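Asker: below are the sequence and a predicted model for it; my questions follow.
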Amino acid sequence: MSTNTVIDVDGLDVTYGDFRAVKDLSFQVEQGELYALLGTNGAGKTSTLEVVEGHREATSGTVRVLGSSPRDRSAVRPRVGIMLQESGFSADLTVAESTRLVGRLTGREDSVERVLGLVDLTHHADTRVGQLSGGEKRRLDFATAVYGSPELLFLDEPTTGLDIQSRDSLWATVQQLREEGTTVVLTTHYLEEAQQRADRIGLMHRGTFRRQGTVSELTRALPAAIQFSLPPDAPAPPTGSVAQADRSYAIETFELQRDLKQLLDWADAHRIELDGLSAAPTRLDDVFRAIGADSITS
């Protein structure tokens with residue numbers, strides 16, 4: 001564990017009776033990273049986060065957060081912001097009261113006006129939580145999580161229910177916090193968010209990591225795809241083209257630029273128009289689907 005390691009998980013196991021939800025899981029998150037922890041349904045992601053956040057005790061293994069046990073609330077809680085999927089704020093408290101209460105509970109100091117301004121809730125400061133819309137409640141969740149500019153920030157499905165403008169504002173605030181040194185752990189079902197924003201990603205399946213690395217490292221593990229259709233009288237396409245059921249062709253390749261150029265050169269030489277031509281690099285959702293397919297074959 002280096003001096004820059006914010007989260008250190010070593011051999012984590014979480015069991016519920018005879019069910020082993022997390023199996024010998026190990027990973028580290030370094031200072032200033034945005035680390036995305038993703039998983040298929042029932043992968044053990046929630047159980048892992050509950051342990052790292054200090055809400056659940058590990059069955060076995062060791063977990064250190066900011067150099068301490070996450071169960072040591074006095075040492076860890078003032079330095080950590082957590083945005084859960086559902087906050088559970090009292091419906092009778094106002095927005096300002098809820099924000100101020102979280103600040104007192106966490107021991108972090110900040111201005112209620114400042115954090116409400118970040119999420120455009122200043123005009124709702126005296127509104128009771130029960131009167132907020134779903135999107136406004138999520139913005140309040142975020143405001144309380146970033147109260148006091150924590151060193152470590154957990155974001156659990158942070159943009160669910162938010163409009164585009166609110167999403168952009170949230171990510172701008174996260175980026176500002178990161179520039180100030182905050183470490184972020186993200187969980188989301190919006191894989192494009194993880195692909196665009198995460199420095200590293202851990203993909204869980206059946207209680208452990210199936211893949212972990214940067215987006216580039218993960219996507220390089222699967223081939224890119226080229227698809228096209230040919231006129232009925234066209235000659236056979238280049239080697240590697242596989243006929244599909246709909247009479248189109250597909251090429252799977254780890255050398256997208258090279259093989260696409262070869263195909264275009266062949267089409268130009270034969271004066272053939274490639275109908276429906278598409279060339280797509282591997283995306284994170286392709287990797288995610290491949291992991292899900294493992295559950296069928298493994």
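Answerer: Structure received.
Asker: the helix or strand containing Gln175 packs against which elements?
Answerer: Per DSSP states H and E: Gln175 is located in helix 164-179. Judged by 3 or more C-beta pairs under 8 Å, 6 or more residues apart in numbering; DSSP states H and E, helix 164-179 is in contact with helix 134-145, strand 152-156, strand 183-187. Where C-beta positions appear, they are placed from N, C-alpha and C, glycine not excepted.
Asker: that helix: which residues count as buried?
Answerer: Under the neighbour-count criterion of 16 or more other C-beta atoms under 10 Å, helix 164-179 has Ser166, Arg167, Ser169, Leu170, Thr173, Val174, Leu177, Arg178 buried.
Asker: now do the helices in this structure.
Answerer: Secondary structure of the chain by DSSP state H: the helices cover 45-52, 73-76, 95-106, 112-118, 134-145, 164-179, 191-197, 215-219, 256-269, 284-297.
Asker: which residues touch the longest one?
Answerer: Put plainly, it is helix 164-179. 32, 34, 118-120, 135, 138-139, 142, 146, 149, 153, 155, 158-159, 162, 184, 197 (C-beta atoms under 8 Å, 6 or more residues apart in numbering).
Asker: so where's the chain uncertain?
Answerer: Within the chain, the stretches with pLDDT under 70 are 1-2, 292-298.
Asker: got the domain ranges for it?
Answerer: 5-218, 223-281 (automatic domain parsing).
Asker: now the helices of the chain as a markdown table including distance to Gly88?
Answerer: Below are these laid out as a markdown table (distance: least, C-beta to C-beta, whole Å):
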| stretch | distance to Gly88 |
| --- | --- |
| helix 45-52 | 15 |
| helix 73-76 | 18 |
| helix 95-106 | 10 |
| helix 112-118 | 18 |
| helix 134-145 | 10 |
| helix 164-179 | 20 |
| helix 191-197 | 24 |
| helix 215-219 | 33 |
| helix 256-269 | 47 |
| helix 284-297 | 30 |
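Asker: who wins for proximity to Val65 among these?
Answerer: Proximity to Val65 (C-beta to C-beta) singles out helix 73-76 among the helices of the chain, at 5.4 Å.
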